[in-house]
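**Q** starting from these lines, generate the structure:
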Amino acid sequence: MFSPAEIVDISIDNGIKKIQKPLLAKLILGFIGGAMISLGYLAYIRVSASIPASLASVQAFVGASVFPIGLIVILMAGGELITGNMMAVSIAFMDKKISFKDLLINFLTITFANLVGALFVAYFFGHLVGLTHSGVYLDQLLSLAHHKTEATWLQAIFSGIGCNWFVGLGLWLCYGAKDGAGKIMGIWFPVMVFVAIGFQHSVANCFVIPAAIFEGQGTWMEFLCNFVFVYLGNIIGGAIFVSGFYYASYKHH
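**A** Coordinates of the predicted model:
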């Protein structure tokens, strides 16, 4: 592993590289990012749906154990995920290597592309192929979606903070590992834990809530309200609880 101080510099460099990518690459990789997180969530539903609700903790653990494949693909095969950028791009901004305009444009571009990728998986794989369309899979989908939309705005913000504290740490450990196995382990456990706990991820919600809407449950206004507050929490979790804390602790000018 690199030291925490070295990981700060690596994260800054990665944030700069994210800004410098061509627009087409950002859109393609952002689409991949949104799709991969959604496919991880789809896997969660498929492997956990038949476990009885009375075994809720087992259900959460089994589902959470497969979810991290999305972020592993994004970080190791190529992809852009806004929750990851909230950590990496933010720390580059803190180090004054990029402008606030650069950060804002990156956030908007990657968020849009992630949304398109998530909606693609929700409609075509979930609804059209039928993987979330009936039986226990539909029941699990609706239960997850309703739980998210029923959260108050304050619950959504703090749940978003908890989520991206862990996702940001997954990136942090991935950047700090020196081999592939270390990177996979560094990503897997923080992401598995945030999912098992039940924290909310704005891009994952771009899959699960619209997937429920495509099955006739919920409204787009409910989705939008949830997204705004979870997204805000995700920014705080990634930019402050990971980048901000470690930058203040290890970057000495």
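**Q** for residue 242, what are its contacts?
**A** By CB atoms under 8 Å, 6 or more residues apart in numbering, the contact set of residue 242 is 87, 164, 165, 168, 169, 171, 172. No exception for glycine: its C-beta is placed from N, CA and C like everyone else's.
**Q** I'd like the distance between the nearest residue to residue 4 once chain neighbours are set aside and residue 9.
**A** Leaving aside its sequence neighbours, residue 4 sits nearest to residue 250 (CB to CB, 6 or more residues apart in numbering; 5.3 Å). Distance, residue 250 to residue 9, using CB to CB, to the nearest Å: 9 Å.
**Q** my guess is residue 75 contacts residue 172. True?
**A** No: using CB atoms under 8 Å, residue 75 makes no contact with residue 172, being 11.2 Å away.
**Q** can you get me a residue count around residue 74?
**A** Neighbour count of residue 74, defined by other CB atoms under 10 Å: 24.
**Q** now stretch 208-223: buried residues?
**A** The neighbour-count check on stretch 208-223 (16 or more other CB atoms under 10 Å) flags 208, 209, 210, 211, 212, 213, 214, 215, 217, 218, 222, 223 as buried.
**Q** follow-up on the earlier one: and the residue nearest to residue 4, what's its pLDDT?
**A** Here the pLDDT value assigned to residue 250 is 95.
**Q** run through the residues that contact it.
**A** So residue 250 contacts 4, 5, 8 (CB under 8 Å, 6+ apart).
**Q** where does the second one land on pLDDT?
**A** Residue 5 carries a pLDDT score of 96 in this model.
**Q** only C-alpha atoms, please: export stretch 94-111 in PDB.
**A** What follows is stretch 94-111, C-alpha atoms only, in PDB (Å, rounded to 0.1, in the frame of the first residue of the first chain):
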ATOM      1  CA  MET A  94      -8.900  21.700  -2.900                       C
ATOM      2  CA  ASP A  95      -5.300  21.600  -4.100                       C
ATOM      3  CA  LYS A  96      -6.100  24.400  -6.600                       C
ATOM      4  CA  LYS A  97      -5.200  22.200  -9.600                       C
ATOM      5  CA  ILE A  98      -8.600  22.700 -11.300                       C
ATOM      6  CA  SER A  99     -11.100  25.500 -11.200                       C
ATOM      7  CA  PHE A 100     -14.600  25.500  -9.700                       C
ATOM      8  CA  LYS A 101     -16.000  25.700 -13.300                       C
ATOM      9  CA  ASP A 102     -14.000  22.600 -14.200                       C
ATOM     10  CA  LEU A 103     -15.500  20.800 -11.200                       C
ATOM     11  CA  LEU A 104     -19.000  21.900 -11.900                       C
ATOM     12  CA  ILE A 105     -18.900  20.900 -15.600                       C
ATOM     13  CA  ASN A 106     -17.500  17.500 -14.700                       C
ATOM     14  CA  PHE A 107     -20.200  16.900 -12.100                       C
ATOM     15  CA  LEU A 108     -23.000  17.800 -14.500                       C
ATOM     16  CA  THR A 109     -21.600  15.800 -17.400                       C
ATOM     17  CA  ILE A 110     -20.900  12.600 -15.400                       C
ATOM     18  CA  THR A 111     -24.200  12.900 -13.500                       C
END
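**Q** thanks a lot, catch you later.
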